[in-house]
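Visitor: what's the 3D shape of this:
(2 chains)
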2 protein chains.
Amino acid sequence: MNIDMIEAAAQRLAGHVRRTPLLGSPFLDEIAGRRVFVKPECLQHTGSFKFRGGYSAMSALDAETRARGVLAYSSGNHAQGVALAARLHGAPAVILMPADAPAVKLDNTRRLGAEVVTYDRANGESREAIGAALARERGLTLIRPFDEPQVIAGQGTTGLEIAEQAAAVGVSQADVLVCCGGGGLTSGIALALQAKAPGLRARPVEPSGFNDTARSLISGRIERNDRISGSICDAIITPSPGEITFPILRRLCGPGLVVSEDDCLRAMAAAFARLRIVIEPGGAVALAAALYHPETVDGDAVIAVASGGNVDAAMFTRALDSFGDGS
Amino acid sequence: MNIDMIEAAAQRLAGHVRRTPLLGSPFLDEIAGRRVFVKPECLQHTGSFKFRGGYSAMSALDAETRARGVLAYSSGNHAQGVALAARLHGAPAVILMPADAPAVKLDNTRRLGAEVVTYDRANGESREAIGAALARERGLTLIRPFDEPQVIAGQGTTGLEIAEQAAAVGVSQADVLVCCGGGGLTSGIALALQAKAPGLRARPVEPSGFNDTARSLISGRIERNDRISGSICDAIITPSPGEITFPILRRLCGPGLVVSEDDCLRAMAAAFARLRIVIEPGGAVALAAALYHPETVDGDAVIAVASGGNVDAAMFTRALDSFGDGS
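Guide: The predicted model follows:
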């Protein structure tokens, strides 16, 4: 993994990915006690940064392989990102999803043109085994959600944009807080910043109780979460950082940050009132750290990536009902 | 008013205004039966396009006049746009607001650095008389919300961006639906499109019962609304189109469109679920027309301006509770 792969991905993505703006509000600056900039990847195609990685991986395949189609395991944002990227390439996509995933997620993925194959999570069916069999039968290429170089390269294009946009607002030294699951987005951004804006330091942010990456950065080896369910931040919960992502995180990132679920809901309310964007709980961890844990951040400015916005109305109204304007 | 004034405003606004992206979603395309593009000015500084006009007017003043300060009448978006524009110029701003305006609006305007002077709407105090006296006493310059050439020029910069962004997605013939109050945004966009993208046609959209502009375009003279209160689309309710804006609208715009309040709430829900943006009822009329009245629009693509996102949580959750994902 290196910056050349990210720049090559940026070339392939040009005109297909959305260049999301860099947002901010004096009201958020007041809360944090420093300038706060938000990179709203919730505005990306399919509502999360995952489209970048999906499109990057898809566009990196040779034409013949691509024409046979791709396979992804996901109940959420990666599924939609890969589905749309495949459709834009005119290639088939098979998405393996738990049969008990919310109906709206199954439906949305199908409506983006993917074939959805369900498996029974409760009966202990292994998605890996089912996926491997499907891939073999149909000649599909598996696109892993984060431990996949071309996926990391795609996510890293977010970092290229941040480097340019930070320079445009005069920020050359700052922490860049990134919502972190398996580390694909965080490692990609870290690589991009190292090359393009070395005064900007990527830092992973996770929800409390699921801080595998923060602990891994402390111990120096891959640590695992005790459990991977039961968080409202489900979009960014993974068992552990990846074999490819973790060495990058360890080499380039600052210490991990951890926020509570209430911090996330409060940050969603603040983003609603002050930025007029919709973010999901997992996509709110970085902004939550910037706003409500300013003592853990260095510098007179901070950049927070809002990684996704695929949240249902019930959860969103819960955030607004509980936390007003997030201040 | 001409394109040169808009281009000059764009020069002054460069680096200060946000270039909002052009958003879309295959799910919205399905609803409308054609490609739908949304220009989200809710992501603009202070949450609406009004910052463009405020900044344009402020930056067009000579230094001495500007240093004495500006005055605006507004209970909403224009107030915040002028307040922030004044602060960024280091100039005082006095905003005349009804004493019974929502406390949060008074507070937000003050927190943006403006001095808020209230008047009693119920007792029939004339804001014009109070404003004129204040302006005279303090040497303040009045910045009208729409019937003001430099304000129209600033709003017109939205149209310059739409012209470029539409070309980038291959759209050269389309209706551009614009949320319309006094016509500052609509006339500015219409002028910009005439010069830069003559295949794009601006069309004003209004809420039912407050369709002064639609009726004026039919009769060929300025028609008035019977009332100017009682709409959830309060951000875009004015007595009539302006003396400066109406001749431009008449010369350049297609027929006006009218939507119901429920259409607006439904469009807010669709924008939440499919674009992950927050729009206010008055900022939703154009998207509502695009999605739910497709028979009134021409062409295989449509562009809708989402003019603002300053909505309180209660109204927003009402939209989500009533209309799900807006489909």
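
Visitor: mind checking how far the closest residue to A:Arg35 other than its chain neighbours is from B:His45?
Guide: The shortest distance from A:Arg35 to any non-neighbouring residue, by CB to CB, 6 or more residues apart in numbering or on different chains, is to A:Ala301 (4.1 Å). Using the backbone N, CA and C atoms, a C-beta is placed for each residue, glycine as well. Using CB to CB, to the nearest Å, one gets 17 Å for the distance from A:Ala301 to B:His45.

Visitor: near chain B, which residues of the stretch 1-150 of chain A?
Guide: Taking CB under 8 Å from any CB of the partner chain as the criterion, the neighbours of chain B within the stretch 1-150 of chain A are A:15, A:18-21, A:23, A:26-27, A:30, A:40, A:42-43, A:47, A:84, A:104, A:108, A:111-112.

Visitor: buried subset of the residues you listed as a ChimeraX selection?
Guide: With 16 or more other CB atoms under 10 Å in any protein chain shown as the burial test, the buried ones among the residues of the stretch 1-150 of chain A next to chain B are selected in ChimeraX as follows:
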select /A:18,19,20,21,23,26,27,40,42,43,47,84,108,112
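
Visitor: can you flag which of the residues of the stretch 1-150 of chain A next to chain B belong to helices?
Guide: Using DSSP state H to define helices, the subset of the residues of the stretch 1-150 of chain A next to chain B located there is A:26-27, A:30, A:84, A:104, A:108, A:111.

Visitor: closest to A:Ser229 out of those residues?
Guide: Using CB to CB, the shortest approach to A:Ser229 within those belongs to A:Val104, at 18.7 Å.

Visitor: not counting sequence-adjacent ones, nearest residue to that closest one?
Guide: Spatial nearest neighbour of A:Val104, excluding adjacent residues (CB to CB, 6+ apart): A:Asp312 at 7.1 Å.

Visitor: cool, A:Asp263 as well?
Guide: Nearest to A:Asp263 is A:Ala288, by CB to CB, 6+ apart, at 3.9 Å.

Visitor: go on, A:Ser48?
Guide: Here the nearest residue to A:Ser48 in space, its sequence neighbours aside, is A:Gly308; by CB to CB, 6+ apart that works out to 3.3 Å.

Visitor: which residues does the one you found contact?
Guide: A:41-42, A:47-50, A:77, A:179, A:235, A:279-280, A:282-283 (CB atoms under 8 Å, 6 or more residues apart in numbering or on different chains).

Visitor: per-residue pLDDT of it, please?
Guide: At A:Gly308, the pLDDT value in this model is 97.

Visitor: got phi/psi on it?
Guide: Backbone geometry at A:Gly308, expressed as degrees, to the nearest 10, gives phi -160, psi 160.

Visitor: could you measure from it over to A:Met315?
Guide: Relative to A:Met315, A:Gly308 is positioned 13 Å away (criterion: CB to CB).

Visitor: overlap in contacts of the two?
Guide: A:Glu280.

Visitor: so what secondary structure elements neighbour the lengthiest strand in chain A?
Guide: Ranked by residue count and defined by DSSP state E, the top strand of chain A is strand A:200-207. Judged by 3 or more CB pairs under 8 Å, 6 or more residues apart in numbering or on different chains; DSSP states H and E, the packing partners of strand A:200-207 are helix A:149-168, strand A:174-179, helix A:184-196, helix A:212-219, strand A:257-259, helix A:285-292.

Visitor: can you check the pLDDT for A:Leu275?
Guide: At A:Leu275, the pLDDT value in this model is 98.

Visitor: contacts only, for it.
Guide: Contacts of A:Leu275 were listed using CB under 8 Å, 6+ apart, and they are A:23-25, A:28, A:38, A:40, B:43.

Visitor: which among the residues you listed gets closest to A:Ala214?
Guide: Ranking these by separation from A:Ala214, with CB to CB as the measure, puts A:Val38 on top at 21.5 Å.

Visitor: for the closest one, helix, strand, or coil?
Guide: A:Val38 carries the three-state label strand when classified by DSSP: H, G, I helix; E, B strand; the rest coil.

Visitor: now do the contacts for it.
Guide: A:Val38 sits next to A:22-24, A:28, A:271, A:275, A:277, A:287, A:303-306 when contact means CB under 8 Å, 6+ apart.

Visitor: what sits against the residue lying closest to it once chain neighbours are set aside?
Guide: The shortest distance from A:Val38 to any residue that is not its chain neighbour, by CB to CB, 6+ apart, is 4.6 Å, and that residue is A:Leu23. Applying CB under 8 Å, 6+ apart to A:Leu23 gives the contacts A:37-40, A:275, A:277, B:18, B:43.

Visitor: now the angle from the longest strand of chain A to helix A:212-219?
Guide: Between strand A:200-207 and helix A:212-219, the angle comes out at 120 degrees (axes from the mean of the first three to the mean of the last three CA atoms, to 10 degrees).

Visitor: tell me which strands strand A:200-207 pairs with, and in which orientation.
Guide: Strand A:200-207 sits in its sheet next to strand A:174-179 (parallel), strand A:257-259 (parallel), going by DSSP bridges.

Visitor: what is the neighbour count of A:Leu257?
Guide: A count of nearby residues for A:Leu257, using other CB atoms under 10 Å in any protein chain shown, gives 24.

Visitor: how close does it sit to A:Ala32?
Guide: Here the distance between A:Leu257 and A:Ala32 works out to 13 Å (CB to CB).

Visitor: A:Leu320 contacts B:Ala313, doesn't it?
Guide: Yes: under the criterion of CB atoms under 8 Å, A:Leu320 makes contact with B:Ala313 at 4.0 Å.

Visitor: who touches both of these two?
Guide: Shared between the contact lists of A:Leu320 and B:Ala313 (criterion: CB under 8 Å, 6+ apart) are residues A:269, A:272.

Visitor: neighbour count winner among these two?
Guide: For A:Leu320 and B:Ala313, the more surrounded residue by other CB under 10 Å is A:Leu320, and the numbers stand at 21 against 18.

Visitor: need the helices and strands packed on strand A:200-207 in JSON lines (columns: distance to A:Arg136).
Guide: Listed next are the helices and strands packed on strand A:200-207 as JSON lines, based on distance: least, CB to CB, whole Å:
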{"stretch": "helix A:149-168", "distance to A:Arg136": "21"}
{"stretch": "strand A:174-179", "distance to A:Arg136": "34"}
{"stretch": "helix A:184-196", "distance to A:Arg136": "25"}
{"stretch": "helix A:212-219", "distance to A:Arg136": "31"}
{"stretch": "strand A:257-259", "distance to A:Arg136": "40"}
{"stretch": "helix A:285-292", "distance to A:Arg136": "37"}
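
Visitor: possible to save the ones you listed as JSON lines with mean pLDDT?
Guide: As requested, those are arranged in JSON lines below (pLDDT from 0 to 100):
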{"stretch": "helix A:149-168", "mean pLDDT": "98"}
{"stretch": "strand A:174-179", "mean pLDDT": "98"}
{"stretch": "helix A:184-196", "mean pLDDT": "98"}
{"stretch": "helix A:212-219", "mean pLDDT": "98"}
{"stretch": "strand A:257-259", "mean pLDDT": "98"}
{"stretch": "helix A:285-292", "mean pLDDT": "98"}
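
Visitor: A:Ala122 is nearest to which of those?
Guide: Taking CB to CB, helix A:212-219 is the member of these nearest to A:Ala122, at 24.2 Å.
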